[in-house]
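K.L.:
coordinates only, no sequence provided:
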């Protein structure tokens, strides 16, 4: 589209330029004819400038070109052929300025859009890279949490197994032998008692008491 617009502009400029050359070569044409040709060339350039946005890019030049064209037509109608030709040539020059300004504005707009697009792509890529880094960090934290949970579960299982084994083991047997010897007598009394828990013998009031404790797991 951009190339087509430029071709249209160049074609209009060539056409108007040819008309201008015809005006400036006083061969056998009279001044009235040259004035009409100059006015036609100026109208073509002004139309081209306005069609490509010259009124926005160069509003002052476009307006002055229109005014100069109107003056050229008035001078021709009044019989002032030379003044009409001069006004038409001025209108053509102002239209050329508006065409150039419009084309520069379009080129700058396209360049700015391309820069914005490239910047947008770069920003999107940077955001995507940041999101990937954050996802990787989240995955690492999740993996660490899973590993910690697995370790805690293993330790809890080991503790439960140890408690179960301790509950299943038979209690230790305690064998206690008590030998009592009364004063003034050589008779000894021996008694063996088996229990499942250790006991602490009470002190004897009289005599000698010997206690032997044997623990059998």
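P.N.:
Sure, I can see it. Just so we're clear, the structure is a prediction, and the values are computed from it rather than from any experiment.
K.L.:
hmm, residue 102 is touching residue 51, no?
P.N.:
No - with contacts counted by Cβ atoms under 8 Å, residue 102 stays clear of residue 51, the gap being 9.2 Å. Backbone N, C-alpha and C define where each C-beta goes, glycine included.
K.L.:
more crowded one of the two?
P.N.:
Neighbours per residue (other Cβ atoms under 10 Å) separate residue 102 from residue 51, with residue 102 holding more: 25 against 15.
K.L.:
I'd like to know how far that one sits from residue 156.
P.N.:
According to Cβ to Cβ, to the nearest Å, residue 102 stands 80 Å off from residue 156.
K.L.:
do residue 164 as well
P.N.:
Distance, residue 164 to residue 156, by Cβ to Cβ: 13 Å.
K.L.:
now swap in residue 165 and tell me
P.N.:
From residue 165 across to residue 156, the span is 15 Å (Cβ to Cβ).
K.L.:
and the lengthiest helix in the chain, what does it pack onto?
P.N.:
Counting residues, the longest helix found in the chain (DSSP state H) is helix 81-168. Where contact means 3 or more Cβ pairs under 8 Å, 6 or more residues apart in numbering; DSSP states H and E, helix 81-168 is packed against helix 2-24, helix 31-51, helix 54-57, helix 59-77.
K.L.:
and the longest one, average pLDDT?
P.N.:
The one in question is helix 2-24. Throughout helix 2-24, pLDDT has a mean value of 50.
K.L.:
repeat for stretch 34-41
P.N.:
Per-residue scores along stretch 34-41 average to 95.
K.L.:
for it, buried residues please.
P.N.:
34-39, 41 (16 or more other Cβ atoms under 10 Å).
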